[in-house]
Every structure is written in C-alpha cells, then in structure tokens.
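Peer 1: no FASTA, just this:
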C-alpha cells in the first residue's frame with residue numbers, strides 16, 4: 001500500500017516507519033524532466049538507524065525486487081541519494097528501516 005504521493009521539493013511532516021517494514025511513496029517523472037537527475041534525501045535524528053531505499057518504475061519495490069538502489073547508506077542520520085536520469089513515468093520509492101523510526105523525505109529535481 002502506498003502511504004503518500006510525494007511532491008518534488010516538498011519536505012513532509014515527520015514520517016514514521018515500523019521496524020522491519022517498508023513504507024512506500026510515489027511520484028511522477030514528467031517527460032519534460034528526462035535528462036535531469038533526482039536527489040532523494042532521507043533525514044532522521046537516529047544516527048545509527050539502518051535505512052535502505054529502493055526505487056521501482058510502475059510497481060512497488062521490495063528488498064529483493066527493484067530497479068534502483070543507492071550505493072550509499074544512511075550515515076549520521078542522513079541518506080543522500082542522487083538518481084541519474086530516471087525515465088519518465090510513475091516511480092515508487094520504498095523506505096526500509098530495521099527499527100522504528102521518525103524521518104523526513106525530500107525528492108528534488110536537479111539539472
């Protein structure tokens with residue numbers, strides 16, 4: 001189930017995730033944005049949380065089924081993921097945490 005439709009550049013209220021689960025977000029990459037990159041930022045006060053992110057086009061990602069996964073991990077409460085040139089269409093972001101967590105999420109378009 002998708003918990004939120006995300007708007008580019010918007011910092012959401014404090015979000016919550018239950019430990020051992022995935023929380024889903026969706027966003028649409030307009031054809032006019034092809035050739036641009038996305039920056040996905042997840043912030044938390046929990047500096048040692050294990051947080052993983054997954055992207056999948058047109059379907060919900062799982063920890064073993066996804067189109068993209070960052071090469072970086074959350075460090076000091078920050079996961080900063082640059083996604084180069086995603087294709088246009090509907091994308092789904094899955095955020096997994098090993099423990100219960102409060103966080104904020106921002107998705108921005110970068111040239």
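Peer 2: Looks like it arrived, so ask away. All values reported here derive from a predicted model rather than from experimental measurement.

Peer 1: where does the protein dip in pLDDT?
Peer 2: Scanning the chain for pLDDT under 70 picks out 1-12.

Peer 1: nearest residue to the middle of it?
Peer 2: What sits nearest the mean C-alpha location of the chain, by C-alpha atoms, centre = their mean, is residue 93, with 4.5 Å.

Peer 1: what residues sit buried inside the helix or strand where that residue lies?
Peer 2: Element membership for residue 93, per DSSP states H and E: strand 89-97. By 16 or more other C-beta atoms under 10 Å, the buried positions in strand 89-97 come out as 91, 92, 93, 94, 95, 96, 97. For every residue, glycine as well, the C-beta is placed using N, CA and C.

Peer 1: please apply the same query to stretch 47-67.
Peer 2: Buried positions in stretch 47-67, judged by neighbour count with 16+ other C-beta under 10 Å: 49, 51, 52, 53, 54, 55, 56, 57, 60, 61, 66, 67.

Peer 1: returning to what we had before: which neighbours does the next helix-or-strand element following the strand holding residue 93 have in its sheet, and in what orientation?
Peer 2: Next along the chain after strand 89-97, taking DSSP H and E as the criterion, comes strand 101-110. Its sheet considered, strand 101-110 pairs with strand 15-17 (antiparallel), strand 37-43 (antiparallel) by DSSP bridges.

Peer 1: tell me the most buried of these?
Peer 2: Per residue and on average, the most neighbours among the strands paired with strand 101-110 fall to strand 37-43, with a mean of 19 (mean count of other C-beta atoms under 10 Å).

Peer 1: counting contacts, what elements does the helix or strand following that strand pack onto?
Peer 2: As assigned by DSSP H and E, the chain's next helix or strand after strand 37-43 is strand 51-57. Packing partners of strand 51-57 (3 or more C-beta pairs under 8 Å, 6 or more residues apart in numbering; DSSP states H and E): strand 37-43, strand 78-83, strand 89-97.

Peer 1: in TSV, list those along with distance to residue 71.
Peer 2: Shown next, in TSV, are the helices and strands packed on strand 51-57 (distance: least, C-beta to C-beta, whole Å):
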stretch	distance to residue 71
strand 37-43	13
strand 78-83	8
strand 89-97	16
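
Peer 1: sweet, I'm off.
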